[in-house]
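Q: Any chance you can model this:
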Amino acid sequence: MTPTCTWPAPVTLQGDHVILAPLSMDHADDLKRACAEIPGLWYTSVPTPEGMEAEITRRLSLPDMQPFTVMTPDGTPVGMTTFMNIDAGNRRVEIGSTWYGKSVQRSGLNTEAKLLLLSHAFEDLNCIAVEFRTHFMNQASRAAIARLGAKQDGILRNHMVSPDGSLRDTVCFSIISGEWSAVRMNLRHKLERFS
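A: This next block holds a predicted model:
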């Protein structure tokens, strides 16, 4: 199964610390191993090993999502990320539904993955804005998004019903095109410590 999204077209993005390749069912076994490393957190959704094929199928079937497999430089799948809520008419995307196996957390992988995704969005796709959303209670995610240089736009209260029935408040952040040069410089500076 291939993604149904036509803009942006599927692409592989590669840096020194990470490869972002179009998501494929061929990656399922390695992704099962990677997600098995992650402890369950009530405020975020990471696929289970048993649900990996269904999650890959779901991501590939959504018309407003371009999913990526996150890989180490040797090509080992260690997580997922996506362009989602794609709005081609207004040249906007959201980066989200991201998770990484524990073995690569706190490495240069996430910083470079965000640099590659944002570079592609602003420089190749000419996006006017890139959004990030997270659960109000996910303090680690909120702090990480702010460290990228994204600004908080607001909170959508009672935005979603979680699988356990609780109501999720969603915190929205964005980076707009006029901010991209400063954000890019910030991310490149952060990556220097992993060189």
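Q: what does the worst-scoring helix or strand of the chain on mean pLDDT contact?
A: Of all helical and strand segments in the chain, the minimum by mean pLDDT, DSSP states H and E falls on helix 139-148, at a mean of 93. With C-beta atoms under 8 Å, 6 or more residues apart in numbering as the test, helix 139-148 has contacts from 44, 110, 114, 118, 132, 134-135, 152, 171, 173, 175, 183, 186-187, 190. For every residue, glycine as well, the C-beta is placed using N, CA and C.
Q: next one: stretch 62-76
A: 3-5, 8, 10, 13, 16-24, 27, 30-31, 56, 59-60, 77-87, 97-98, 100, 104, 109, 113.
Q: Buried ones among those residues?
A: 3, 5, 8, 13, 17-23, 27, 30-31, 56, 59-60, 77-84, 86, 97-98, 100, 104, 109, 113 (16 or more other C-beta atoms under 10 Å).
Q: Narrow those residues to those in strands?
A: 13, 19-22, 77-84, 86, 97-98, 100 (DSSP state E).
Q: Could you check how many residues crowd around the residue nearest to Pro163 when sequence neighbours are not counted?
A: With sequence-adjacent residues excluded and distances taken as C-beta to C-beta, 6 or more residues apart in numbering, Pro163 is closest to Ser45, at 7.5 Å. By other C-beta atoms under 10 Å, 13 other residues sit near Ser45.
Q: SS state for Ser45?
A: What DSSP: H, G, I helix; E, B strand; the rest coil gives for Ser45 is coil.
Q: cool, Met185 as well?
A: Per three-state DSSP, Met185 ends up helix.
Q: got it, and the one 5 residues further on?
A: State at Lys190, reduced to three classes by three-state DSSP: helix.
Q: Was I right to think it contacts Asn110?
A: No - assessed by C-beta atoms under 8 Å, Lys190 is found out of contact with Asn110, at 9.9 Å.
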